[in-house]
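Trainee: model the structure of this input:
(2 chains)
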Amino acid sequence: MLSLANISLESLNLITLAPMLIPIIGALLILVIDIIKGGLDKTLYVVLSILILALDFGALLESAGAFSKDGIMLGVFDVMLIDGLAIISQFIIVLTSILFIPLALTNKRFHEFSYPEFFALFLFMISGFQFMVASDNLILIFVGLETASLALYTLIAMHNRDKSFEAAVKYFTMGALAAGFYSFGSMVFYALTGSIEINQIAAVLEANNYADIGYVLVGVVMMLGSFGFKLSVVPFHTWTPDVYEGSSAAMAGYMSIVPKIAAFVVAMRLFEFLIHANIVWLEVVLYALVVITMTAANIWALVQSDVKRMLAYSSISHAGFVMAAILIGTTQSNSALFLYWILFSFTNLGAFSMLWISRQKELPGYQKSDHSFEKFSGMIKTSPMAAIVMGLFMLSLAGLPPFALFWGKIYMISSAVTSGYTVLALIMALNSAIAGYYYIKLIVFMFMKDPIASNVDNNGQLYVANATTALKTIIGFSIIGTVFAFVALDSLLEFVTAFVYNSGY
Amino acid sequence: MLDHILSILIFFPAFAGVMGFMINKESMRAYGTAVAVIEFALSLWLWFAFDNNVSGMQFMEHIALVPSFGINYILGVDGISLFIIIMASFFTMIGIASLSPTHSIKNMIITLLFLQMTMIGVFAALDAIVFYVFWELSLVPMLYLIGAWGGPNRIYASVKFFLYTFTGSLVMLVGMLFMAYFFYQATGVWSFAILDWYRLILPESFQLWLFAAFFVGFAIKVPMFPFHTWLPYAHGQAPTIGSVILAAVLLKMGTYAFIRFSLPLFPDASVFFMYPIAILAIIMIIYTAMVAYAQKDIKQVVAYSSVSHMGVIILGTFALNVEGISGSIFLMIAHGVVSGALFLLVGVIYDRRHTKLMSEFGGLAHVMPRYATIFGLMLMASVGMPLTINFVGEFLSLLGFYQQSHILTLLAGIAIVVGAIYMLTAFKKIFYGEVTNEENRNLPDVNKRELLALIPLSIITIWLGIYPAPVLGPINNSVESVVQLMHNKATSHEAKMRIPNVTGVVITKTTTKEAH
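Mentor: Sure, this is the predicted structure:
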């Protein structure tokens, strides 16, 4: 037993907790403000959240500086692990959150943003994700995962429509199942190795030369199932389109980025040592999962009649594409994962924000759902700027150069090429071609079809009905990130590669 | 300014296109024409400043983009790309100048200016990724051009065009990434610079695979025989300006890329695949000529004849000797001028009658004598009459291939005769005989705006047919160095045999030296 008296405060290295504690304290602050004086406007909470996240970002910069000087840091009884992966993924989480939260400042009134709890939960969720990526302790990861997920379910339900409740419950049920898988998998690993720290597990398994390979595989299957749900890997993806459809477009965009990067980091920590141990079985399964996820999701996306559902399937396909990095498991592929995800977050958040600003409260007759393709027909004639911006995001998602995702894509495919996965590289390339079709479909609707009469009359007001300066600014950031990605690419690549390499991945 | 003339040539139209959003709709055509004229003048200046005696790259520019991954913004121009660049700016100019009134003309002109950026970018890029960027980007304006201003089936045609080319180029992209990886393995640095790649000698087995990967991308773009099905659709549905640019410039990207990438990078594979590709090219020449004969629509006749002539270009390219390759590059320009002009001519009649069916016409020579004259001239050029521009290119291409195989050349020669049959039949149906359709009785002859485009093209057709030297000289110079490079790099005995050693050429070294 550890006796607390012998532990000096220094050795706890509490500074490693700072980035996670900031949003928690901020969330509590928001709740306290609400108790003291209720009924304050959402703008206050939005700006407060941004400020708190900015502080969080500052703390992260601090850790990044410390990491590049001293290398990997452990803290709080070695439960916290601040390495390059933790830092880059937290950068992505916090930055995306900063870009996301102003999307609450819509023109129309939406139910959820009038509650300060929304913002408190949002900040709790962020700290959950931060814990998840900054630890290799299976229990702390679990706690982070559940904190974040439970907050997220609530955030979805707060959108307050029938479909949102359905989405939240569906997500919750699936998430509960995934949590069960996760705890069972951890249990197996603990039983095998007597440890819940991933590096200890790896060391013990290495030492006995994977003697109990059968049990290892049981644990791995459970973990694969769990992360399959979180990453929406086919066949664990079924919740994704419904949940995306039920939540607000902004929230759907957020969900396609932040929870996934957190899950990717954990999956990377967990699966890569197994891949490097040459467990052929796992390699085959991962290979199959990657290929099926990319291809099947792309094919489903082809037949969608709603843009948001199409983007949901497309984000499944992107997740599958990025999963390939874990299968390949080289420094280049892991750097490619982060590079891809950074570029993807700009583009995808932009695309979902474009849907968000065109959100109507009542649907006209020709529209079967919130964002059906018909809604966008002839957009170039009524609202040319919005159409061009949306077109840009679609082209970037399709991987057309020189837009952001193209660079992520070539770096990822190149990492497959350099590690001898030739067929995989070809499959990835051809999948981009399939994906091209459904992104082009939206462009066809926007640029080549004739507008619907009622939209001509009100001069395309529909497409920017929900827009405010704040939303336009966020979209502006997304455009800059999408179009001028190549300017920052070199420094980004060097930064990511250095951090990934120095963490030993 | 000359140091950055290529960047200016590439980005001036795009910048002007962005500024074009501010122009009033009524003045847009004048604006577009003005920009295109400036651009054409700049490209002529490039020709003027071009040193004909240097076979390597000139006006090189180098900006680091992603140095850690070997991606750099490298531009340069040699005799091979120079005239295609001039042709691209020329066709954009006359295309915009002769544009017939249509809906949303502002969007169309801005699209054309962006298209021009991508076209010039492709031919000036010396870094594979930069090349790829422009190559892919060129699909977007063309997609919009066909999809928004095309015929009734336009959306199907434009999406088919996009997906076909997009798929092909993604396979090519994987090939490029492999190529960069091999370079990395050999030297320890990443590089996508084409001139760096030229120095890399690959084993033949690698060459074959990479050749195949690049081939998919290029062959779809050309389009070569089994991959050609998107083109008649695209031409059939595209507006006149779209067809003109597509036939004159965009298709040349594929044949140009063969000469820029496939031949010098994979000389052994080029020799290995020479016969299969030559056979494909001959099938393409004969088969599409026969299909053209069966068409009822004038535009389809021109479209298929354009595919047919692209076959001769491929044949010349894969002759793998100086005559053949020079001839094929010259034919690229000739094909651009002639088929561009033919599409413009079809556009003239379509504007008047809104139909392209040959059965609707007949006896037009009486009604529109000037139109018939120009059409006749272009038709003669298209079938390769001596003293017209096509003849020079076709003759050289076939002469080049004659050195590789007599029989295949003979077949290709016969196919050109078939070309004469369908073209003359089409001409007979449209222009000779009595005026059968009353609607045709009072058609106005070509007007000034149309003449503005057609007369320069006629002049070029005859001028370069009689005196091709000013164009052929620089082309020949650069081609010699490419062939020499291929000869030097070839590893197999057969390749050394097939690719001639161009004696007395010392300049090959400049290309590699300037890479650094």
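Trainee: the helix or strand where residue B:185 lies: how far from the chain's middle?
Mentor: Assessed by DSSP states H and E, residue B:185 sits inside helix B:154-187. Helix B:154-187 has its C-alpha centroid displaced from the chain centroid by 18 Å (C-alpha atoms, centre = their mean, to the nearest Å).
Trainee: does chain A sit close to it?
Mentor: Yes. Applying C-beta under 8 Å from any C-beta of the partner chain, one finds helix B:154-187 touching chain A at B:154-155, B:158-159, B:162-163, B:166-167, B:170-171, B:173-174, B:177-178, B:180-181, B:184. (Glycine included, C-beta is placed from N, CA and C.)
Trainee: average pLDDT for that helix?
Mentor: The pLDDT scores in helix B:154-187 average 93.
Trainee: how about the CA coordinates for the following helix or strand past it, as PDB?
Mentor: Per DSSP H and E, helix B:154-187 leads on to helix B:194-198 as the next helix or strand towards the C-terminus. The C-alpha trace of helix B:194-198 is given here as PDB (Å, rounded to 0.1, in the frame of the first residue of the first chain):
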ATOM      1  CA  ILE B 194      10.300  15.900 -62.000                       C
ATOM      2  CA  LEU B 195      13.800  16.900 -62.900                       C
ATOM      3  CA  ASP B 196      15.000  15.000 -59.800                       C
ATOM      4  CA  TRP B 197      13.000  12.000 -60.800                       C
ATOM      5  CA  TYR B 198      14.700  12.100 -64.200                       C
END
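Trainee: average pLDDT across helix B:194-198?
Mentor: In this model, helix B:194-198 has a mean pLDDT of 92.
Trainee: which parts of chain B sit against chain A?
Mentor: Counting by C-beta under 8 Å from any C-beta, chain B sits next to chain A at B:64-69, B:104, B:107, B:129, B:132-133, B:136-137, B:139-140, B:143-144, B:147-148, B:154-155, B:158-159, B:162-163, B:166-167, B:170-171, B:173-174, B:177-178, B:180-181, B:184.
Trainee: for ChimeraX, what selects the buried ones among those residues?
Mentor: Buried residues within these, by 16 or more other C-beta atoms under 10 Å in any protein chain shown, are selected in ChimeraX with:
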select /B:65,66,69,104,107,129,132,133,136,137,139,140,143,144,147,148,154,155,158,159,162,163,166,167,170,171,173,174,177,178,180,181,184
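Trainee: near chain B, which residues of chain A are found?
Mentor: A:380-381, A:384, A:395, A:400-402, A:406-407, A:410-411, A:413-414, A:417-418, A:422, A:425-426, A:429-430, A:432-433, A:436-437, A:440, A:443-444, A:447-449, A:486, A:489-490, A:493-494, A:497.
Trainee: please list only the buried members of these.
Mentor: Taking 16+ other C-beta under 10 Å as the criterion, what is buried in these is A:380-381, A:384, A:395, A:400-402, A:406-407, A:410-411, A:413-414, A:417-418, A:425-426, A:429-430, A:432-433, A:436-437, A:440, A:443-444, A:447-449, A:486, A:489-490, A:493, A:497.
Trainee: so, low pLDDT: which residues of chain B?
Mentor: Filtered on pLDDT under 70, chain B yields the residue ranges B:503-516.
Trainee: what residues go with each domain of it?
Mentor: B:1-256, B:273-466 (automatic domain parsing).
Trainee: okay, and residue 414 sits in which element?
Mentor: No chain specified, so I'll use chain A. Applying DSSP H and E as the criterion places residue A:414 in helix A:404-418.
Trainee: should've been chain B
Mentor: Residue B:414 belongs to helix B:406-431, assigned by DSSP H and E.
Trainee: now for that helix, which elements pack on it?
Mentor: Packing contacts for helix B:406-431, counted by 3 or more C-beta pairs under 8 Å, 6 or more residues apart in numbering or on different chains; DSSP states H and E, involve helix B:274-293, helix B:298-317, helix B:364-367, helix B:369-382, helix B:389-402.
Trainee: of the ones you listed, flag the one that's most buried.
Mentor: With neighbours taken as mean count of other C-beta atoms under 10 Å in any protein chain shown, the helices and strands packed on helix B:406-431 reach their highest mean count in helix B:298-317, at a mean of 27.
Trainee: now do that one and helix B:274-293, the angle between them.
Mentor: Angle of helix B:298-317 versus helix B:274-293, following axes from the mean of the first three to the mean of the last three C-alpha atoms, to 10 degrees, is 160 degrees.
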